[in-house]
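**Q** Mind folding the following:
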Amino acid sequence: MSSDLPRAVQQLPATVITPESSVSRLDAVAAEVPVALVFNGISHAVMMCSPQDLEVFALGFALSEGIIDQVADCYGIEVQPLAPCGTDPEAPGISVEMQIASRCFVRLKERRRALTGRTGCGICGIDSMDALDLVPEPLPALADWASQLDLAALQTAFSQLPGLQLLNQQAGAVHAAGWATPDGQLQAALEDVGRHNALDKLLGHMAQQQMLAQPGFVVMTSRASYELVRKCARMGLPVLATISAPTSLAIQVANQAGMRLFGLCRGPRMVRYSAH
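**A** Numbers count the residues shown, from 1 in each chain. As a prediction, this is how the structure comes out:
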């Protein structure tokens, strides 16, 4: 990765205002920069991201969006800074260029006939309802550990998550996606200003480390949108737990996939929304 990329946390002028005084100072602020995802020389999407862990982000995005089928379909990833966006010299863009297998590239070009550009919300850019891709392939029957996952394991995982949120400790405004063993021991956590990006970074990291086949569950510091559930289902991950509540569509997709979906995992309670 180029050393010319912007920092994930930047020091910017701010004023702290209280009833007693106003104090000017430099404040730690999370960076948000445009990242172009380029496959075999063709730009596919531009995402607003935290400028770190971009190799695993691109890999996770490619896997969770079905652009590639396995890590071996990725032949190389290169991250490079672009010219500043607009008139702000402090707002550079970033290009992440991935070389993928020919069959995957042919499939991507076919998809591009129905997509004008994919964004983090999961729906922007499609030109027909048929392109929504809301129905996942059913996962295998839940393993015993997943069907028996309890409050104690979820509490353990979420209690460990803040300690791994290094960006959020500095600047706030940053989501995290973590991976925990069935007993709740957190193995990894990746951060980004976007919840979908944080999950893709986690999935890319897990794919690189050959962790996707291991038993465990995903925890996230966000609400559960349908696309987060859809990404987990596509990667064969049977359990997603989030701090905030899910949407109705997220619950629907989880039930269709045979996933277990937990929300409002805070303190001494959790809510299981899926029927499985």
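**Q** Helix, strand, or coil at the most centrally placed residue in the chain?
**A** Geometric centre of the chain, nearest residue: Leu199, 2.3 Å, by C-alpha atoms, centre = their mean. Here Leu199 is recorded as helix under DSSP: H, G, I helix; E, B strand; the rest coil.
**Q** and if you look at Leu190?
**A** Leu190 ends up strand, using three-state DSSP.
**Q** what bridges to it?
**A** Ala177 (DSSP bridges).
**Q** how about the helices in the protein?
**A** Remark: helices assigned in the chain by DSSP state H are 54-64, 102-112, 144-147, 151-164, 166-171, 195-208, 226-234, 248-257.
**Q** mean confidence score for the shortest one?
**A** Per-residue pLDDT values across helix 144-147 average out to 94.
**Q** elements contacting it?
**A** Contacting helix 144-147 under the criterion 3 or more C-beta pairs under 8 Å, 6 or more residues apart in numbering; DSSP states H and E is no other helix or strand. Placement of C-beta: from N, CA and C, glycine included.
**Q** Now do the residue nearest to Ser222 when sequence neighbours are not counted against Ile243, distance only.
**A** Spatially, and ignoring its direct neighbours in sequence, Ser222 is nearest to Arg195 (3.9 Å; C-beta to C-beta, 6 or more residues apart in numbering). Note on Arg195: its distance to Ile243, by C-beta to C-beta, to the nearest Å, is 11 Å.
**Q** who has more neighbours, these two?
**A** Arg195 (23 against 20; other C-beta atoms under 10 Å).
**Q** Assess the claim that that one and Met220 are in contact.
**A** Yes - here Arg195 reaches Met220: they are 6.4 Å apart, a contact under C-beta atoms under 8 Å.
**Q** Pull up the overlap in contacts between these two.
**A** Residues touching both Arg195 and Met220 by C-beta atoms under 8 Å, 6 or more residues apart in numbering: His175, Ala177, Leu228.
**Q** What is the burial count for the nearest residue to Leu5 once chain neighbours are set aside?
**A** Distance criterion C-beta to C-beta, 6+ apart; nearest residue to Leu5, sequence neighbours excluded, is Pro51 at 5.2 Å. For Pro51, the neighbour count with other C-beta under 10 Å is 25.
**Q** Next, Pro51: phi, psi?
**A** When quoted as degrees, to the nearest 10, the phi and psi of Pro51 stand at phi -80, psi 60.
**Q** list the contacts for it?
**A** Leu5, Pro6, Arg7, Ala8, Ala31, Val33, Val35, Ile94.
**Q** Please tell me how far it sits from Leu37.
**A** 14 Å.
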